[in-house]
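Asker: Any chance you can model this:
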Amino acid sequence: MSKDLLKKSLNSDVTQVPKPSNIFSRDMKVKANTKKSKPKTTTIRCSVETADMVNALSAVLNFKSVDEMLEHTINSTLEGLTNEERAEYRTVKKIYTSRRSK
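Answerer: Numbers count the residues shown, from 1 in each chain. Model prediction:
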């Protein structure tokens, strides 16, 4: 039996030569693997009732996320502020942003 194995040709089992799926060419444009960075997130504490109201409002108004709905609401509120209130808002927001980056 072992003599039969020694005499057996390995090439007889191979019927097709595998072809590569991709062939390198210097003309190919190579794209760098760039991952979209996700924005940093945080948690805001609120009551369960408020969270339910926010989620329900987000669903009724067909926003993709609660974040998108809150951003829309904040922008609408900012439009109604006076110039002095907007300036104060920007200043306070800068303070919160600078504290977070430390």
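Asker: use CA for all of it now, contacts and neighbours both
Answerer: Will do.
Asker: how much space is there between residue 26 and residue 34?
Answerer: Noted for residue 26: a distance of 21 Å to residue 34, by Cα to Cα, to the nearest Å.
Asker: Any regions of this protein where pLDDT drops low?
Answerer: Within the chain, the ranges that satisfy pLDDT under 70 run 1-15, 28, 30, 32-33.
Asker: quick one, longest helix in it?
Answerer: Ranked by residue count and defined by DSSP state H, the top helix of the chain is helix 83-101.
Asker: how about that one as CSV, C-alpha atoms only?
Answerer: The C-alpha coordinates for helix 83-101 follow below in CSV (Å, rounded to 0.1, in the frame of the first residue of the first chain):
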residue,chain,number,x,y,z
ASN,A,83,-28.5,89.3,20.6
GLU,A,84,-27.4,89.7,24.3
GLU,A,85,-28.8,86.2,25.2
ARG,A,86,-27.1,84.6,22.1
ALA,A,87,-23.8,86.2,23.1
GLU,A,88,-24.2,84.9,26.7
TYR,A,89,-25.1,81.5,25.3
ARG,A,90,-21.9,81.4,23.2
THR,A,91,-19.8,82.4,26.1
VAL,A,92,-21.2,79.8,28.5
LYS,A,93,-21.0,77.1,25.8
LYS,A,94,-17.3,78.0,25.3
ILE,A,95,-16.7,77.6,29.0
TYR,A,96,-18.4,74.1,29.0
THR,A,97,-16.4,73.1,26.0
SER,A,98,-13.1,74.2,27.4
ARG,A,99,-13.8,72.4,30.7
ARG,A,100,-14.6,69.2,28.8
SER,A,101,-11.4,69.3,26.8
